[in-house]
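>>> Sequence and predicted structure are below.
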Amino acid sequence: AQKVTQAQTEISVVEKEDVTLDCVYETRDTTYYLFWYKQPPSGELVFLIRRNSFDEQNEISGRYSWNFQKSTSSFNFTITASQVVDSAVYFCALSDPNAGNNRKLIWGLGTSLAVNP
Amino acid sequence: GAGVSQSPSNKVTEKGKDVELRCDPISGHTALYWYRQSLGQGLEFLIYFQGNSAPDKSGLPSDRFSAERTGGSVSTLTIQRTQQEDSAVYLCASSSRTSVGTQYFGPGTRLLVL
């Protein structure tokens, strides 16, 4: 069965600390996509990244980086030098192989990150 | 270009009344999704429209919930005989064939049933 697990429910860090949000997935599909979304206190979900299962290269975007490891079925998200504006709930998601080209997503329960000044 | 829009932003209703929530997807997006998010919780999938195909209604919690999508664009989620447990944020998202499942979300409708 397809499943996404975000074991960390809440994380609290002090500004400028690095923080890693874990995401572990289960899928029977050989081709799939993984996603991260950010939901700030304002409530609107913001797309951060999509990763193809065939591309295991790590990605860096400014202070954000993602580590995709098929061997451990993980797609972890690291924020370097965290800032108060990073405070949000972060969701990891996996594409549903049964849903065709426009895929349904299977969502983790989210990790609430609080960055304190 | 314009993103996904939802209306109303907030809706307060009395138990037992019907409500309609509207979603305007990004122009050209063929897929549209409705989710429900209760306070402090994750996303609960409700329904998924893909082009002209029959919608995937597998997430609708009861027969009080229904949704339609007219002309492959705007969608309306209707909740009949609202209950207090229906209070939540209702999120709409859309995606295109080229975005390979990437969903773009609207700001949500906050529904409060008194």
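That came through, no problem.

>>> who's sitting farthest from the centroid in chain B?
What lies farthest from the middle of chain B is B:Thr98; by C-alpha atoms, centre = their mean that is 21.8 Å.

>>> Against which helices or strands is the helix or strand of chain B with the lowest mean pLDDT packed?
Here the helix or strand of chain B ranked lowest by mean pLDDT, DSSP states H and E is strand B:44-50, holding a mean of 92. Counting contacts by 3 or more C-beta pairs under 8 Å, 6 or more residues apart in numbering or on different chains; DSSP states H and E, strand B:44-50 is packed against strand B:31-37, strand B:65-69, strand B:75-79. (Glycine included, C-beta is placed from N, CA and C.)

>>> rerun at 7 Å
strand B:31-37, strand B:65-69 (3 or more C-beta pairs under 7 Å, 6 or more residues apart in numbering or on different chains; DSSP states H and E).

>>> Could you single out the most deeply buried of those strands?
Ranked by mean neighbour count under mean count of other C-beta atoms under 10 Å in any protein chain shown, those are led by strand B:31-37, which reaches a mean of 24.

>>> OK, contacts around B:Cys92?
B:4, B:6, B:23, B:32-34, B:75, B:106 (C-beta atoms under 7 Å, 6 or more residues apart in numbering or on different chains).

>>> Just give the nearest non-adjacent residue to it, would you?
B:Cys23 (3.4 Å; C-beta to C-beta, 6 or more residues apart in numbering or on different chains).

>>> Kindly report the residues of chain A close to chain B.
A:33, A:35, A:43-45, A:47, A:50, A:95, A:100-105, A:107, A:109-110 (C-beta under 7 Å from any C-beta of the partner chain).
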